[in-house]
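**Q** Build the 3D model from these lines:
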Amino acid sequence: MKALVALILLVQLPIHKAVPAAPPPPLGCDDPESEAAAQAAVNYINAHSHHGYKFALNRIEDIRVVPQGPNNDIIFLELDLLETRCPILSPTPLANCTVRSFAEHAVEGDCDVKLQKVDGTLSVLASKCHSHADSGEDIVKVCPDCPLLVSLNNTEVLETVSAALNDHNSKTTDSYLRLLEIGRAKIQFYPAHVVAAEFAVGATNCSAEQANDNVEACQLLPEDQSNFGFCTATMVKRPVQDLKVDCQLYGHQVPAPDIPLLSWVFYPTGQDTSAGLPPSAVGFTNHNLGLAHNNPVASESSSSEILRSMLSAKSVTKRAVAEAAQHDKVPRPVGFVPPPPPCPGKIRHFDI
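**A** Modelled structure (predicted):
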């Protein structure tokens, strides 16, 4: 009898269903974890770029995290980068590289990057980037007298680079320098006709005097002695002709174990070697970061995978946000201002 009573009482007890815990809120673009992932991505992109200049982070546009297991996450990033004044071969740390101003005709890079974080360690799995110069019309509106970027193989640019390099080699007592590539160039027509160019160079196994006898025998120094540098040249063509050139060699650099230093350098074959340009740069005003980024994983198929994965990650995040909203039943006081959306993040330099 006692057992029957106990059973009846037990059945009458209210049943409390376990409420699942709300999923963690999505990671914000300006959170420290996002910043760390973005920095790892930017370092990777610069380390694997072959041409042009280093890029700095301007803004984290979006971030998605897909958990894979304990202490194992896949992270998808959308990044907005800006070109700096540091050539890709420069040993200057990125933190010390100045981002080009808007009036200098800035170049923006857009990157989608897939990373993995295991036990706190980040590694880049795949990436896809492209870059483009800002609209010349927008620059003219802000700075009507600012010269704009011109094609890297513009005839006047090639003449200026050739004259500048010949001028330097004729006066130096050090190694004869060879052109590696033209980085960027501008032409100003008023109040004076001025051509300005920037270009990368490499030291050869000849002195300038030996090059006068047989310049074809002058080859870039081998990898264990390599010495690259950068030159700026300004040629005034009107009203009075004048040429100024300044070249700086960086000294021998020891490359990272997985990135041979000489693989950074483009050796022209089969096209106009006087320009020192890869085919992807001929006819363009800037080196395309997407074409310069030589990541074997970042093929077109891999890029499609990144896009599909990011869309899937966004769906997962949207579901998590919706589920979290169901758990958030706290009434909001009058005048409550919701926090800003977690993405996109802050602009570090300027928006173009």
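**Q** Check the average confidence over stretch 200-213, would you?
**A** With pLDDT averaged residue by residue, stretch 200-213 scores 91.
**Q** Stretch 95-115 now?
**A** 94.
**Q** Quick check: end-to-end length of it?
**A** End-to-end distance for stretch 95-115, by CA to CA, to the nearest Å: 22 Å.
**Q** List the buried residues of it.
**A** 97, 99-100, 102, 104-115 (16 or more other CB atoms under 10 Å). To be clear about C-beta, it is placed using only N, CA and C from the backbone, and glycine gets the same treatment.
**Q** where are the low-confidence patches of the stretch 251-352 of the chain?
**A** Counting by pLDDT under 70, the stretch 251-352 of the chain shows low-confidence ranges at 255-283, 291-341, 352.
**Q** out of the buried residues of stretch 95-115, which one sits closest to residue 156?
**A** residue 105 (16.8 Å; CB to CB).
**Q** separation between residue 139 and residue 81?
**A** 19 Å (CB to CB, to the nearest Å).
**Q** Looking at those two, which is more packed in?
**A** Between residue 139 and residue 81, counted using other CB atoms under 10 Å, the more crowded position is residue 81 (26 against 21).
**Q** quick revisit: out of the buried residues of stretch 95-115, which comes closest to residue 155?
**A** residue 105 (19.7 Å).
**Q** ok, for the closest one, nearest residue in space, not its chain neighbours?
**A** Nearest non-adjacent residue to residue 105, counting by CB to CB, 6 or more residues apart in numbering: residue 149, 4.7 Å away.
**Q** Near that neighbour, how many other residues are there?
**A** Count around residue 149 with other CB under 10 Å applied: 21.
**Q** Next one: it from residue 107, what distance?
**A** 8 Å.
**Q** now residue 190
**A** Distance from residue 190 to residue 107, by CB to CB: 24 Å.
**Q** Report the central residue of this structure.
**A** Centroid-nearest residue in the chain, with CA atoms, centre = their mean: residue 55, separated by 3.9 Å.
**Q** coming back round to it: give the residues shared as contacts by residue 149 and residue 107.
**A** Residues touching both residue 149 and residue 107 by CB atoms under 8 Å, 6 or more residues apart in numbering: 133, 286.
**Q** Go ahead and confirm residue 128 touches residue 109.
**A** No - counting by CB atoms under 8 Å, residue 128 stays clear of residue 109, with 11.1 Å between them.
**Q** Quick one: the helices in the protein, in order.
**A** Secondary structure of the chain by DSSP state H: the helices cover 2-12, 32-47, 136-142, 155-171, 208-213, 289-292, 300-327.
**Q** contacting residues around residue 239?
**A** Contacts of residue 239 (CB under 8 Å, 6+ apart): residue 192.
**Q** and if you look at residue 218?
**A** Per CB under 8 Å, 6+ apart, neighbours of residue 218: 176, 178, 204, 205, 206, 210, 211.
**Q** Residue 164: neighbouring residues, count only.
**A** Neighbours of residue 164 using other CB under 10 Å come to 24.
**Q** contacting residues around it?
**A** 197, 199, 231, 233, 235, 243, 245.
**Q** List the ones among those residues that fall in strands.
**A** 197, 199, 231, 233, 235, 243, 245 (DSSP state E).
**Q** now stretch 221-235, how far from the centre of its chain.
**A** For stretch 221-235, the separation from the chain centroid amounts to 22 Å (computed by CA atoms, centre = their mean, to the nearest Å).
**Q** meant to ask about stretch 62-78
**A** Using CA atoms, centre = their mean, the offset of stretch 62-78 from its chain centre is 21 Å.
**Q** Ok, stretch 219-231 next?
**A** With CA atoms, centre = their mean, you get 24 Å for stretch 219-231.
**Q** So for it, what gets flagged as buried?
**A** Per 16+ other CB under 10 Å, stretch 219-231 contains these buried residues: 220, 221, 226, 227, 228, 229, 230, 231.
**Q** wait, doesn't residue 38 sit right on residue 78?
**A** No - contact between residue 38 and residue 78 fails when scored by CB under 8 Å: they sit 9.9 Å apart.
**Q** shared neighbours of these two, which are they?
**A** Contacts common to residue 38 and residue 78, judged by CB under 8 Å, 6+ apart, are residue 60.
**Q** Give me the more crowded residue out of the two.
**A** Taking other CB under 10 Å, residue 38 and residue 78 do not tie; residue 38 has more neighbours (24 against 20).
**Q** Please report how far residue 90 lies from residue 46.
**A** From residue 90 to residue 46 the distance is 10 Å (CB to CB).
**Q** correction: residue 53
**A** Residue 53 is 9 Å from residue 46, by CB to CB.
**Q** What of residue 56?
**A** 9 Å.
**Q** shared neighbours, those two?
**A** Residues touching both residue 56 and residue 46 by CB under 8 Å, 6+ apart: residue 94.
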